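Peer 1: A predicted structure for the sequence below; I have some questions about it.
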Amino acid sequence: MTLRVDHGVASGTFSLDGETHEVDNNLWVVGDDEECVVIDAPHDASAITRLVGGRRVKAILLTHAHDDHSRVAPELRQQVGAPILLHPDDKPLWELTHGGPDDPDAQLWDVDLTDEQSVKVAGASIKVLHTPGHAPGAVCFYVHDLGCVFTGDTLFQGGPGATGRSYSDEDVIKDSIRARLLALPDETVVHTGHGDDTTIGAERAGLDA
């Protein structure tokens, strides 16, 4: 089977620090005709399951726990029978959306992501890169066999993700990008959480400045 990336877009809201904004999020599914993983779970579980089709979902991989990336993860988990994987440093953000220890209806993710971990799908390895800054538990997913990296809100076309809200830090995100993402080949395609693709090479000049 041929490894591939399927892409869609879902619209909804992002809320943090008392502000709510309308946003469009990219949907990403990586796999072949038999099995796949889902990267992030924003807004609309049905839009994600349409991308999945009849394939077996091995995991729901979250780049971070902001509500516009994790909101429908528990619903999607129930629909496709796959575990949710999240870096544990994003627990405070997860609890803002899915409830904390004092909430009887709170929902948890299933498996902690760790830096350098490999997630297997369709004969390929997806490497976890811990890239804090936009969120403390933010990660990127590098797929060597496809020459691409899924950066969530860590790196966009035009530069780093936003760091003006709670649990974020501009110096940390820049350090993360320089140390982890700029180490990838220039031709690596960057699939972002919002907006258009870019490449590591295209973003390198601005980040090296």
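Peer 2: Yep, it's here.
Peer 1: show me the contacts for the nearest residue to G206 once chain neighbours are set aside.
Peer 2: Once its chain neighbours are removed from consideration, G206 has its nearest residue in G159; the separation is 5.7 Å (C-beta to C-beta, 6 or more residues apart in numbering). Yep, even glycine has a C-beta here, placed from its N, CA and C like the rest. Counting by C-beta atoms under 8 Å, 6 or more residues apart in numbering, G159 makes contact with E203, G206, L207.
Peer 1: could I get the residues you listed as JSON lines with distance to A47?
Peer 2: Rendered in JSON lines, the data for the contacts of G159 read as follows (distance: C-beta to C-beta, whole Å):
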{"residue": "E203", "distance to A47": "28"}
{"residue": "G206", "distance to A47": "32"}
{"residue": "L207", "distance to A47": "32"}
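Peer 1: could you dump those to a markdown table with distance to L155 and pLDDT?
Peer 2: Formatted as a markdown table, these follow (distance: C-beta to C-beta, whole Å; pLDDT from 0 to 100):
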| residue | distance to L155 | pLDDT |
| --- | --- | --- |
| E203 | 6 | 96 |
| G206 | 11 | 80 |
| L207 | 8 | 82 |
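Peer 1: could you flag which of those are buried?
Peer 2: Neighbour-count burial (16 or more other C-beta atoms under 10 Å) applied to the contacts of G159 gives E203.
Peer 1: for the contacts of G159, which one is nearest M1?
Peer 2: When the contacts of G159 are compared for distance to M1 (C-beta to C-beta), E203 wins out at 31.6 Å.
Peer 1: Give me the distance between the spatially most central residue of the chain and D103.
Peer 2: Computing the C-alpha centroid of the chain and ranking residues by C-alpha atoms, centre = their mean puts T63 first, at 2.6 Å. Going from T63 to D103 by C-beta to C-beta, to the nearest Å gives 24 Å.
Peer 1: Flag the shaky bits of the protein, pLDDT-wise.
Peer 2: Applying pLDDT under 70 to the chain flags the ranges 208-209.
Peer 1: Quick one: classify the residue lying closest to V143 once chain neighbours are set aside as helix, strand or coil.
Peer 2: Spatially, and ignoring its direct neighbours in sequence, V143 is nearest to I126 (5.4 Å; C-beta to C-beta, 6+ apart). Three-state secondary structure (criterion: DSSP: H, G, I helix; E, B strand; the rest coil) places I126 in strand.
Peer 1: how close does F156 sit to A202?
Peer 2: When C-beta to C-beta is the yardstick, F156 and A202 sit 11 Å from each other.
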